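Student: build me a model:
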Amino acid sequence: MMRITVSRCIGALLLGLCATAPAVAQDSAADAAARMSGALPDASDLSPGEALRAGTRFYYAGEKELALDSLRFAAEKGHPLAAWKLGRMYAHGDGVQEDDIKAFEYFRQIATAYADDSPTSPRAPFVASAFVELGSYYLTGITDSAIQPNVARAREIFTYAASYFGDANAQYRLGILFLDESDRDPRMAARWLKLAAKKGHVPAQARLGALLFDGDFHGTDNRITGLMWLTIAQRRSGGADAGWISELHERRFGLADETVRRNATALADRWMDRNTAVVADAHR
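Tutor: Numbers count the residues shown, from 1 in each chain. From the prediction side, this is the model:
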């Protein structure tokens with residue numbers, strides 16, 4: 001009962017704040033369906049799931065304009081995955097002109113409609129992701145809109161996604177907030193970063209490792225554990241994260257004595273062996 005009450009409060013809060021935000025300009029479902037260019041024989045009779053599948057096929061075939069129409073149709077009919085995909089497309093300018101207001105509105109649509117979903121629901125990862133995206137927008141605000149920077153609101157949203165849905169990205173973002181805010185709280189940061197790190201979140205593993213190694217928590221064991229997490233993160237890092245994670249690891253590795261290095265490497269090997277399913281996952 002308490003979880004439901006809290007989630008409804010979060011949903012109402014987001015909905016109320018967004019009431020002053022510009023509305024998303026969209027075609028009607030009928031207009032969008034009429035332009036699906038033969039996605040299915042009778043577009044007007046598409047179910048939201050069929051429209052989502054059609055949009056997904058178009059998207060991965062490189063036909064993103066057609067994908068947009070199909071996804072809009074599905075989103076208007078209430079399909080959360082379609083709304084999430086549209087939010088991501090508008091947030092990153094993926095096949096459309098970048099538009100943070102439209103992205104925000106799609107993510108808000110999901111968060112307010114599905115905040116009460118069970119954390120084990122098939123929709124839960126996308127609902128949690130929508131909360132994380134909204135929290136990220138509140139950290140920075142959106143230029144020329146009613147969405148202004150609001151760190152307290154961002155932390156509230158991240159906390160909900162991190163605690164109710166157990167989302168690793170939300171746990172990571174919350175941990176970073178506790179590290180970067182003026183009222184820095186390394187113990188709370190470590191708590192949230194550790195939850196994400198154990199789920200295999202690579203940046204969380206790196207930041208937790210640096211936090212433990214650098215002396216906020218005293219003792220050789222913490223330096224070993226810190227270098228262990230840094231070693232795991234360095235091995236698994238890729239893309240844009242590889243550079244800064246390697247830098248964090250190299251700096252601490254150079255400062256560690258041979259005993260710390262040896263023990264940290266052994267612990268990292270053991271963690272990798274015991275978490276093969278996590279290691280096999282795509283980098284988050």
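
Student: does Val278 lie in a helix or a strand, and which?
Tutor: helix 276-280 (DSSP states H and E).

Student: just the CA trace of that helix, in CSV.
Tutor: Backbone C-alpha positions of helix 276-280 (Å, rounded to 0.1, in the frame of the first residue of the first chain) are rendered in CSV as follows:
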residue,chain,number,x,y,z
THR,A,276,29.2,-14.6,-15.9
ALA,A,277,25.6,-13.7,-16.8
VAL,A,278,26.3,-10.1,-15.8
VAL,A,279,29.6,-10.0,-17.7
ALA,A,280,27.9,-11.3,-20.8
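
Student: chain center to the strand or helix carrying Val132, what's the gap?
Tutor: Using DSSP H and E, Val132 maps to helix 124-140. How far helix 124-140 lies from its chain's middle: 6 Å, per CA atoms, centre = their mean, to the nearest Å.

Student: also stretch 131-145?
Tutor: Here stretch 131-145 shows a centroid-to-chain-centroid distance of 13 Å under the convention CA atoms, centre = their mean.

Student: coming back round to it: what residues of the helix holding Val132 count as buried?
Tutor: Buried residues in helix 124-140, counted by 16 or more other CB atoms under 10 Å: 124, 126-139. Just so you know, the C-beta spots here come from the backbone N, C-alpha and C atoms, and that holds for glycine as well.

Student: hmm, who's touching stretch 157-168?
Tutor: Contact partners of stretch 157-168, identified using CB atoms under 8 Å, 6 or more residues apart in numbering, comprise 3, 6-7, 10, 14, 115, 119, 124-125, 127-129, 131-132, 134-135, 138, 169-171, 173-174, 177, 192, 195-196, 199-201, 204, 284.

Student: contacting residues around the helix holding Val132?
Tutor: Taking CB under 8 Å, 6+ apart as the rule, helix 124-140 contacts 10, 14, 80-81, 83-84, 87, 91, 100, 103-104, 106-108, 110-111, 114-115, 117-118, 121, 147, 149-151, 153-155, 157-158, 160-161, 165-167, 169-170, 173.

Student: avg pLDDT for the helix or strand hosting Arg223?
Tutor: Using DSSP H and E, Arg223 sits within helix 220-236. Here helix 220-236 scores 94 as its mean pLDDT.

Student: likewise for stretch 59-73?
Tutor: 88.

Student: surely Leu81 is in contact with Gly49?
Tutor: No. The criterion here is CB atoms under 8 Å, and Leu81 misses it with Gly49 at 9.2 Å.

Student: looking at those two, which is more packed in?
Tutor: Leu81 (21 against 13; other CB atoms under 10 Å).

Student: so which strand or helix has the more buried one?
Tutor: Using DSSP H and E, Leu81 maps to helix 80-92.

Student: so of the contacts of helix 124-140, which ones are in helices?
Tutor: 10, 14, 80-81, 83-84, 87, 91, 100, 103-104, 106-108, 110-111, 114, 151, 153-155, 157-158, 160-161, 169-170, 173 (DSSP state H).

Student: report the buried members of the residues you listed.
Tutor: 10, 14, 80-81, 83-84, 87, 91, 100, 103-104, 106-108, 110-111, 114, 153-155, 157-158, 160-161, 169-170, 173.

Student: next, the angle from the helix holding Leu81 to helix 100-114.
Tutor: 160 degrees (axes from the mean of the first three to the mean of the last three CA atoms, to 10 degrees).

Student: tell me what helix 80-92 is packed against?
Tutor: helix 48-60, helix 64-76, helix 100-114, helix 124-140 (3 or more CB pairs under 8 Å, 6 or more residues apart in numbering; DSSP states H and E).

Student: buried set for the helix or strand in which Asp273 is found?
Tutor: If you go by DSSP H and E, Asp273 is part of helix 258-274. By 16+ other CB under 10 Å, the buried positions in helix 258-274 come out as 260-261, 263-264, 267-268, 271.
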